[in-house]
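Undergrad: Sequence plus the predicted model coming up.
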Amino acid sequence: MQMIKYFMLFIILVACSLIGKYLSKKYVIRVNELEEMKNALNMFQSKIKFTYEPIPEIFGEIAQNTSRSVGQVFRLAKEKMKTNTANIAWEEAIEQSENNLTKEDKYVLKTLSKLLGQTDIEGQTSQIEITQKFLETQLKEAQEQKEKNEKLYSKLGTTIGLAIVIILC
């Protein structure tokens with residue numbers, strides 16, 4: 001009977017620790033997604049400037065060359081451009097994508113839609129540069145939150161698990 005009790009206490013400790021690790025990972029993933037999005041926008045800007053390909057084709061290439069969560073935004077936008085304008089498709093894709101971006105991050109990315117597909121190459125590239133600058137600010141904030149909260153949640157999960165184990169003993 002004691003063996004079962006200690007085994008259950010161990011399971012509680014491990015579960016709480018894993019929950020803490022899971023919560024802390026969200027900050028790491030957000031930083032990675034913002035960096036990946038910044039790189040994808042760089043790729044988008046280069047393709048617009050130098051290849052003169054249509055936006056849906058560029059989005060398709062970016063979707064293939066980026067991670068699943070960031071690629072999903074570009075894939076969704078490409079699909080939505082079949083029925084909507086580029087700016088509406090981009091905004092809808094940002095909203096419907098499944099990622100760890102905050103509302104502020106999504107708002108910053110939506111600023112790209114203002115001139116997307118509506119102006120000449122120079123106008124679009126300048127809008128991409130503005131979006132990248134805003135994204136850089138979001139990236140710095142995300143890195144600060146990661147540094148602050150990553151260890152906090154990891155240790156908090158383990159501490160709560162230990163507290164529960166001590167109480168139940």
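TA: All right, it came through fine.

Undergrad: Spell out which residues sit in contact with K21, please.
TA: Y153, S154, G157 (Cβ atoms under 8 Å, 6 or more residues apart in numbering). Glycine gets a C-beta too; all of them are placed from N, C-alpha and C.

Undergrad: Now intersect these with the helices, please.
TA: In this view, the contacts of K21 that belong to helices under DSSP state H are Y153, S154, G157.

Undergrad: Enumerate every residue touching the residue nearest to the last one when sequence neighbours are not counted.
TA: Excluding its sequence neighbours, the residue lying closest to G157 (Cβ to Cβ, 6 or more residues apart in numbering) is G20, at 1.7 Å. Applying Cβ under 8 Å, 6+ apart to G20 gives the contacts Y153, S154, K155, L156, G157, T158, I160, G161.

Undergrad: let's see it at 6 Å
TA: By Cβ atoms under 6 Å, 6 or more residues apart in numbering, the residues touching G20 are Y153, S154, L156, G157.

Undergrad: which SSE is the closest residue in space to the third one that isn't next to it in sequence in?
TA: Right, L156. In space, and not counting its chain neighbours, L156 is closest to G20: 5.5 Å by Cβ to Cβ, 6+ apart. In this structure, G20 sits in helix 2-50 according to DSSP states H and E.

Undergrad: Beyond that helix, next helix or strand please.
TA: helix 55-65.

Undergrad: That next one: how far from the chain's middle?
TA: With Cα atoms, centre = their mean, to the nearest Å as the basis, helix 55-65 stands 18 Å off its chain's centre.

Undergrad: how about K82, phi and psi?
TA: phi -70, psi -30 (degrees, to the nearest 10).

Undergrad: pLDDT below threshold where in this protein?
TA: Within the chain, the segments meeting pLDDT under 70 span 115, 117-119.

Undergrad: at 80 instead, please
TA: 1, 52, 113-124, 169 (pLDDT under 80).

Undergrad: give me the number of residues near L168?
TA: 10 (other Cβ atoms under 10 Å).

Undergrad: typed the wrong thing, it's V165
TA: Using other Cβ under 10 Å: V165 sits among 16 other residues.

Undergrad: Could you pull up the contacting residues of it?
TA: Taking Cβ under 6 Å, 6+ apart, we find V165 in contact with L9, L13.

Undergrad: Repeat that for L112.
TA: With Cβ under 6 Å, 6+ apart, L112 has these contacts: Q127, T131.

Undergrad: and the gap between it and L168?
TA: For L112, the distance to L168 (Cβ to Cβ, to the nearest Å) stands at 52 Å.
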